[in-house]
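Colleague: mind folding the following:
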Amino acid sequence: MRLNNRHNFPVSRRYTSMAAAIATASVFGGLPQVSLGQESVSLIEEVVVTARKRQESLQDVPVAVTALTPSQLERGSIQRTTDIDKMVPNVELHQTYIGSESLSATIRGIGFDDIEKSLEPTVGVAVDGVFMASNSGAVFDMYDVESVEVLRGPQGTLFGRNTIGGVINVKRTKPTGKWGAKLEGTFGDQAMTDLKAVINAPLGERGGIKVALKKIESESHVFNTTLNDRRDFRDSTTASITVRYDLTDNTTFQLTYDDYDHQTIAPDNLMVGPFPEPLTGYLASQADDWKTSPQLNPLEAYMEGNNTTLNITHDWSGHQIKYTMGIMDYDEEVHESSWGSATVFFPVNRDQEFKQTSHELQLSSDSSGPLNYVAGLYYMEADSFITSGPIQPFTVNHNAEAMAVYGEMTYDFNELWSLTLGARYTDEDKEMNSFSWPPVVGDADRLAGNTDPGVLLNSGNPTFSDDNLSYRVVLARDLSFGMAYASFSTGFRSGGFFNRGSVPSELEPYDSEEVASFELGLRTNPTDNTQLNLTLYNAEYTDMQLPVITPASVPECGKGGAEEDAAGITCSFIQNAGEVSLAGIEFEGIWMPTSALSLRAAIGTLDGEFDTYDYNGVDISDKANLLYAPELTVSLGADHTSNLFGGELILSANFSFQDEVYTQTPWALYDPATFPKVTIDSWESLDLSATYLMDTSSGTFKIMVYGTDVLEDGNRVQRRYTTGSFTWAELAPRQQFGLTVGYEF
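Modeller: Numbers count the residues shown, from 1 in each chain. Purely as a prediction, here's the structure:
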């Protein structure tokens, strides 16, 4: 069944185009200039974002961006990166448990769902201005966070390569330069204990120091029927120290050091193949609301490392120079052998090392005149090492190096019209050094580091080079009640290698992919208590990098036949095989009937399908579907504040809905009669919280009770993965309750 045929109300490209034409005619043909009066005071708090790498009001930015405030993040719903999609339209996020703290992110139908360091994300994640070159480590807890901005659509001009879907931009709090502390403890289901502390202290008269600590432990939400018990789940410790100092009245530096140790045992999976399917455990779990798994051995995915971030800013005469350096250095360890089954099936032991270093020098203006700009230089180098066995033994070293120069300027023709032009030139080089040994029997040579040609199955040292020019053009018009804009932007996702290769054909490089997107936006405040934002988008996705996973007997694999298939041997390729068209509408609104009550809505639609999907010369676009691309996302929220017993009571509710999505599968081989299910059912979640704050002469006390997905018991399937030889499903918790107590001064 095709993705765009599931509803009785499909959002077709024809209707989207009609809406775009109407919006264009009304916005740029001259909307009535409704006067709201000079003395009206808005009840809606102004939100400042850095979507264009300078501080601007959210309603003045001609970019599809959603900003989450600290108050929204602290009310129970948004606990981790993966919860952000509960409040943002056209976003799907989930954790990939086979990697450590690994994020799978899709925005507007453009997504990525793999863990290898040689593969690039489609959605960029930046923390304190540092872009993460790998999805590992991108699932983190939302504590000590000042703001989260989600930018939708290609962001290649200012944020660079591998942001063709969008950007999740996270900023942590800065040292206050005063004595203070924020202490919290959260206690919830599955014996969850989450302790957090943020301590601030002055550093002379011109600086401050901040220490942030967090320790979380919990049991799994999946009951193991083989062990007749629950495994441990989360066991993570993170600590950071930040020093901020004003060297002069105009020059500030901030240095942050993070240390983290994630000793995670993932929730037990469910085996759904090989074929014919041994479905005993799967069907039993399905009948019990996905609460159980027979998985014999645990999936262990550990990460230990540290990050260093340096920001230096200097202000002078309406300009700012900013230097950002980021270093990420961590080790990963993964052990998996049961894949949701009650036996040992396909043991995998992986050790990985990753180090990324980046530098960015940026010059921006903040002029009262008609011209403002941002320009910069960027350099990034990422090195990774992986060794894995015993069934498919291989060892890979991978190096990526990217350099870029970028700039964007905005010119105000008059009080109504402005034009933005931006471009980014990127040049990059990659190199991979790969060794593989014969299945199973070669693992001893892998562990011994024996690369003698006589014992190797395959070796290779491929290289890749590419350059790209991404650009953006925006025409904007101020209105008496807001702003309207039309934009065209491009972006690219880097090409390279798939580092799981064990035969020569798997090591061949693939090219970069590109996205070109047209967008119409309307940002309005019709009254002092309403905010209505509408975005229409249309994107063309070309040279799409698609995974092709085949059993060993397929000729392209070149490994062997039925004997190796029986051991679960596969080949994995990345090919530039797809062309995709995407279109949709995004609506975000706020209504404050009173100063105490705030109502929010965010709705996103997506009409996306393959135009072509070339599989060895055969177009299989009629069989293939986009990965984790919900056709409809909905978020409805409400917050009410009242005075109670000398304090403040905040009641919050958020309802979110996400449509059915397709998961990863080898579409060329897919047969509904023999393959397992390849969709994730649509789901909805109602999150509730009550937060009580009481100010005293010494500080503020906080107590919060919360429930996430309160109407649904059990778990749900959040990810399915088909290798071609076997398939498993990963489970996410549903109804969870907890209590948070805290004190801040």
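
Colleague: tell me the pLDDT at residue 506?
Modeller: The model reports residue 506 with a pLDDT of 80.

Colleague: that one: how many residues sit nearby?
Modeller: 25 (other CB atoms under 10 Å). The C-beta positions use only the backbone N, C-alpha and C, and glycine is treated the same way.

Colleague: likewise the one 3 residues further on?
Modeller: Residues within reach of residue 509, counting by other CB under 10 Å, total 16.

Colleague: can you tell me how far it is from residue 494?
Modeller: Using CB to CB, to the nearest Å, residue 509 is found at 11 Å from residue 494.

Colleague: between these two, what contacts are shared?
Modeller: In the contact map built from CB atoms under 8 Å, 6 or more residues apart in numbering, the residues linked to both residue 509 and residue 494 are residue 430.

Colleague: helices of the stretch 301-450 of the chain, residue ranges please.
Modeller: 443-448 (DSSP state H, counting those that start in this stretch).

Colleague: in it, which spans are strands?
Modeller: 319-336, 348-365, 371-390, 394-412, 417-436 (DSSP state E, counting those that start in this stretch).

Colleague: same check, this time on the stretch 451-600 of the chain
Modeller: Going by DSSP E, counting those that start in this stretch, the stretch 451-600 of the chain shows strands at 458-460, 463-479, 482-493, 513-524, 530-551, 570-594, 597-605.

Colleague: can you name the farthest residue from the center of the protein?
Modeller: residue 454 (43.2 Å; CA atoms, centre = their mean).

Colleague: closest one to residue 662 among the strands of the stretch 301-450 of the chain?
Modeller: Nearest to residue 662, of all the strands of the stretch 301-450 of the chain, is strand 319-336, at 23.9 Å by CB to CB.

Colleague: any chance of the strands of the stretch 451-600 of the chain in CSV, with mean neighbour count too?
Modeller: Formatted as CSV, these follow (neighbours: other CB atoms under 10 Å):
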stretch, mean neighbour count
strand 458-460, 17
strand 463-479, 18
strand 482-493, 22
strand 513-524, 22
strand 530-551, 21
strand 570-594, 20
strand 597-605, 20
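
Colleague: tabulate the ones you listed in TSV, adding columns for distance to residue 147 and mean pLDDT.
Modeller: Listed next are the strands of the stretch 451-600 of the chain as TSV, based on distance: least, CB to CB, whole Å; pLDDT from 0 to 100:
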stretch	distance to residue 147	mean pLDDT
strand 458-460	44	91
strand 463-479	23	96
strand 482-493	21	96
strand 513-524	18	97
strand 530-551	17	90
strand 570-594	16	91
strand 597-605	17	97
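
Colleague: reformat these as TSV; add distance to residue 631.
Modeller: As requested, those are exported to TSV (distance: least, CB to CB, whole Å):
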stretch	distance to residue 631
strand 458-460	41
strand 463-479	27
strand 482-493	23
strand 513-524	18
strand 530-551	14
strand 570-594	9
strand 597-605	7
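
Colleague: so, low pLDDT: which residues of the chain?
Modeller: 1-42, 274-278, 549-570, 724 (pLDDT under 70).

Colleague: which stretch of helix or strand covers the residue nearest the centre of it?
Modeller: The residue lying closest to the centre of the chain (CA atoms, centre = their mean) is residue 105, at 4.1 Å. Element membership of residue 105, judged by DSSP states H and E, is strand 102-107.

Colleague: which helices and strands sit right next to the next helix or strand after that strand?
Modeller: Toward the C-terminus, strand 102-107 is succeeded by strand 110-112 as the next helix or strand (DSSP H and E). In terms of contacts (3 or more CB pairs under 8 Å, 6 or more residues apart in numbering; DSSP states H and E), strand 110-112 is packed against strand 102-107, strand 123-127.

Colleague: so what touches strand 110-112?
Modeller: In contact with strand 110-112 (CB under 8 Å, 6+ apart) are residues 92, 104-106, 119-123, 135, 164-166, 515, 539, 541, 582, 626-629.

Colleague: quick one: it to chain centroid distance?
Modeller: 9 Å (CA atoms, centre = their mean, to the nearest Å).

Colleague: ok, stretch 422-436 next?
Modeller: For stretch 422-436, the distance to the chain centre is 22 Å (CA atoms, centre = their mean).
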